[in-house]
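[1] predicted structure and sequence below. I'll ask about it afterward.
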Amino acid sequence: MQQKLKASRSPEGVTGYGVARISSFFSKLMWSEGFTIVSSPIEHARQLWPKDYKKFCEVIEEYEKEMEKLAGRLMWLMLGSLGITKDDVKWAVGPKGESKGGCASLQLNFYPACPDPDRTMGLAAHTDSTILTILHQNNTSGLEVFQEGNGWVTVPPLPGALVVNVGDLSHILSNGSYPSVLHRAIVTRTRHRLSLVYLYGPPSE
Ligand SMILES: O=C(O)CCC(=O)C(=O)O
Ligand SMILES: [Fe+2]
């Protein structure tokens, strides 16, 4: 724990180690902890591993680069299917007609095994306030999405598969044709769980 606290998120900050970022909107503490990265994790990684932080930063930055490409492609597929072109959404297009880099963050979530899982929640039910979210989970189930008529449905981890969740901004942009997905993470008695979540939003200006 002492080690983790070296990378603590500061009270006014966005990045670093701490409770789930959505937890301020809920009254109950969630059975999880996380590490938030925006662009480079170097400042916190240096605190954690003063001699050995480069590899971690390289891997994270490469992952972010690939996710940005994938998220951009998915966004244009989604907009294209609605008949929206680059001419219609100037905020998403740079001067040369290229997709503008979105404002993104990477959230590393850890859910420890829980002695009394029925009385806790890993991450409370929420929608992401993103355009879309790309999620990787380790081989422990825990992610659930809410389906009208069926209730909570498990999204099983499949080797090599990524989960794409539609966020609130796509819901709004598409007038509800792409509804944002209500989801949550539950915990188990015996197995811990990890998820790696790329949250993709529009450019900040
Ligand atoms: O851990 C999960 O599967 C869900 C994570 C999530 O929804 C989030 O970080 O916004
Ligand atoms: Fe989420």
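    Right, received. Where do you want to start? Ligands and ions are numbered 1, 2, ... in the order given.
[2] now the end-to-end length of stretch 81-89.
    14 Å (CA to CA, to the nearest Å).
[3] buried sites along that stretch?
    By 16 or more other CB atoms under 10 Å, stretch 81-89 has no buried positions at all. (C-beta placed from N, C-alpha, C; glycine too.)
[4] cool, stretch 116-126 as well?
    117, 120, 121, 122, 123, 124, 126.
[5] redo those residues as a markdown table? Include secondary structure.
    What follows is those, written out as a markdown table (DSSP: H, G, I helix; E, B strand; the rest coil):
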| residue | secondary structure |
| --- | --- |
| 117 | helix |
| 120 | coil |
| 121 | coil |
| 122 | coil |
| 123 | strand |
| 124 | strand |
| 126 | strand |
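[6] with only the CA atoms kept, save the worst-scoring helix or strand of the chain on mean pLDDT in CSV.
    Within the chain, no helix or strand scores below helix 2-5, which has a mean of 83 by mean pLDDT, DSSP states H and E. Extracted in CSV, the C-alpha atoms of helix 2-5 (Å, rounded to 0.1, in the frame of the first residue of the first chain):
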residue,chain,number,x,y,z
GLN,A,2,2.8,2.4,0.9
GLN,A,3,4.2,1.8,-2.6
LYS,A,4,0.8,2.5,-4.3
LEU,A,5,0.4,5.7,-2.3
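[7] what about the lengthiest helix in the chain and ligand 1, touching?
    Determined from DSSP state H, the single longest helix within the chain is helix 54-81. No: using CB under 6 Å from any ligand atom, helix 54-81 stays clear of ligand 1, with a minimum separation of 13.8 Å.
[8] quick one: residue 58 from residue 158, how far?
    Per CB to CB, to the nearest Å, residue 58 is found 27 Å from residue 158.
[9] typed the wrong thing, it's residue 203
    Counting by CB to CB - residue 203 and residue 158 are separated by 32 Å.
[10] the two: which is more packed in?
    residue 203 (13 against 10; other CB atoms under 10 Å).
[11] what kind of secondary structure is the more buried one in?
    Applying three-state DSSP: residue 203 is coil.
[12] please apply the same query to residue 36.
    strand.
[13] list the contacts for it?
    For residue 36, the contacting residues are 9, 14, 15, 16, 18, 21, 105, 106, 107, 108, by CB atoms under 8 Å, 6 or more residues apart in numbering.
[14] any stretches of this structure with poor pLDDT?
    97, 101, 205 (pLDDT under 70).
[15] near ligand 1, which residues of it are found?
    Near ligand 1, when you scan the chain using CB under 6 Å from any ligand atom, you find 107, 109, 123, 128, 135, 137, 142, 143, 183, 185, 195, 197.
[16] want to throw those into CSV with secondary structure?
    Formatted as CSV, the residues of the chain next to ligand 1 follow (three-state DSSP):
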residue, secondary structure
107, strand
109, strand
123, strand
128, coil
135, strand
137, strand
142, coil
143, strand
183, strand
185, strand
195, strand
197, strand
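[17] now, of the residues you listed, which are buried?
    For the residues of the chain next to ligand 1, buried by 16+ other CB under 10 Å: 107, 109, 123, 128, 135, 137, 142, 143, 183, 185, 195, 197.
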